[in-house]
Structure formats: C-alpha cells, structure tokens
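S.K.: Model the following, please.
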Amino acid sequence: MNAIIIFIRNPILGKVKTRLAKEIGDLEALQIYNQLLNITRDVSLESHAIKYLFYSDFIQNDDEWDSNYNKMLQTGNDLGERMKVAFQSILQRHSKCIIIGSDCPYISEKLIESAFTSLDQNDVVIGPAKDGGYYLLGMNKLILEIFTDMAWSQQHLLTQTKAKLDELNYSYCELDILEDIDTLKEWENYKKSINQ
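M.R.: Alright, predicted model coming up:
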C-alpha cells in the first residue's frame with residue numbers, strides 16, 4: 001500500500017509563515033496558513049494512500065485532522081533529519097512513500113497519484129518548486145544521502161538533490177513545477193489562479 005507523509009507546523013500565532021507575517025502580520029499569516037492546511041487536507045483525503053500526519057511541535061488530537069490520519073511527531077535537528085526519520089519509519093511498512101508539506105495549494109490528487117505511478121519505474125520522484133526547492137519528494141527505497149548536508153530552505157536544494165542522486169546512480173522523475181506560498185504575492189497569485 002502507498003503512503004503519504006504530510007509535514008505540518010502546529011498552527012500557532014507567530015510560529016507559522018514567518019516570511020509572510022513580516023508583510024501582513026502574524027494573525028493574517030495564521031489565517032492563510034489555516035487555509036493552506038485545509039487545502040492540503042482536502043487533497044490528501046482524495047488519495048487512497050495510507051496517510052501519516054507529522055506535527056512540528058506536538059500532536060493535536062482535537063483538530064480538523066480526523067481518524068483518516070495516523071498522527072505522529074517530527075523528530076530531528078533540521079528539516080533533513082526530520083524527513084529522514086519519517087521516511088525511515090514509513091518505508092519499513094510501505095513499498096512506496098511520498099512526503100508533502102502544507103505550503104503548496106496547487107497540489108492535486110492527480111499529481112499525487114502520478115508521483116506514486118512514477119515510482120514503479122524510478123527510485124525517486126521530485127515535485128520541483130519555483131523557489132528552487134521541492135514541494136514533494138517520494139521514494140521506493142531509503143536513500144539517506146539526500147537528507148544530509150543539504151541546503152534546506154535555500155534556492156539550490158533541488159539542484160543539489162538531483163546532483164546527489166546522479167552521483168549515486170539513482171533514477172528520478174520530475175513532476176510539474178509549482179509555487180509554494182511564502183509571500184503575499186505568491187498567495188495573491190494563487191487566489192487569482194482559482195478565480196480565473
């Protein structure tokens with residue numbers, strides 16, 4: 001059975017979308033983040049994959065994420081280590097696994113299924129983000145090297161990840177390039193796209 005790991009931040013005032021908050025304030029940034037969480041939840045619910053929800057700080061039992069999600073806690077010193085630990089845990093139980101965050105409202109169930117399908121022919125699948133990172137990463141075997149000494153949250157992450165995969169002779173497939181939401185302009189772009 002396929003598995004989806006979803007990484008989210010606990011929706012706490014002043015702790016989410018900090019770049020966006022510098023433009024519009026903590027309260028409005030939290031409101032937008034909650035909308036992004038809703039979008040991510042709705043899309044993931046359409047998938048038949050087993051769902052694992054990893055919280056950043058603590059597991060919330062009384063939130064909008066219901067019994068369709070196996071709730072867990074992110075552990076590790078940086079994003080790479082947290083992702084590595086999550087993949088290690090889930091790939092022990094599933095043959096194909098993808099991870100997404102809650103920053104990309106353009107993601108769709110069709111895209112998620114395409115990611116799983118591509119893992120039939122490739123070791124890794126990557127959803128490239130416009131900012132040089134990625135909004136989705138999937139694999140059918142644990143590749144520890146792509147989580148160590150990487151430029152997390154930097155514009156070279158995608159290039160660095162592909163270079164490491166090439167160096168290690170792993171095959172990979174890229175999905176459509178999509179935009180994460182970190183700024184007000186990016187959020188406005190998204191709002192325009194759904195109103196067209």
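S.K.: Test my guess that residue 52 contacts residue 5.
M.R.: Yes. Contact criterion Cβ atoms under 8 Å: residue 52 and residue 5 qualify, at 5.0 Å. C-beta here means a position set from N, CA and C on the backbone, and glycine is covered the same way.
S.K.: higher neighbour count, the two?
M.R.: residue 5 (27 against 21; other Cβ atoms under 10 Å).
S.K.: so who does the more buried one touch?
M.R.: Each residue near residue 5 by Cβ atoms under 8 Å, 6 or more residues apart in numbering is listed here: 52, 54, 86-87, 90, 97-100.
S.K.: secondary structure element for it?
M.R.: Following DSSP states H and E, the helix or strand that holds residue 5 is strand 3-8.
S.K.: List the neighbouring strands of that strand plus their orientation.
M.R.: According to DSSP bridges, strand 3-8 forms sheet pairs with strand 50-55 (parallel), strand 97-100 (parallel).
S.K.: Pick the most deeply packed of those.
M.R.: Comparing the strands paired with strand 3-8 by mean neighbour count (mean count of other Cβ atoms under 10 Å), strand 97-100 comes out on top with a mean of 25.
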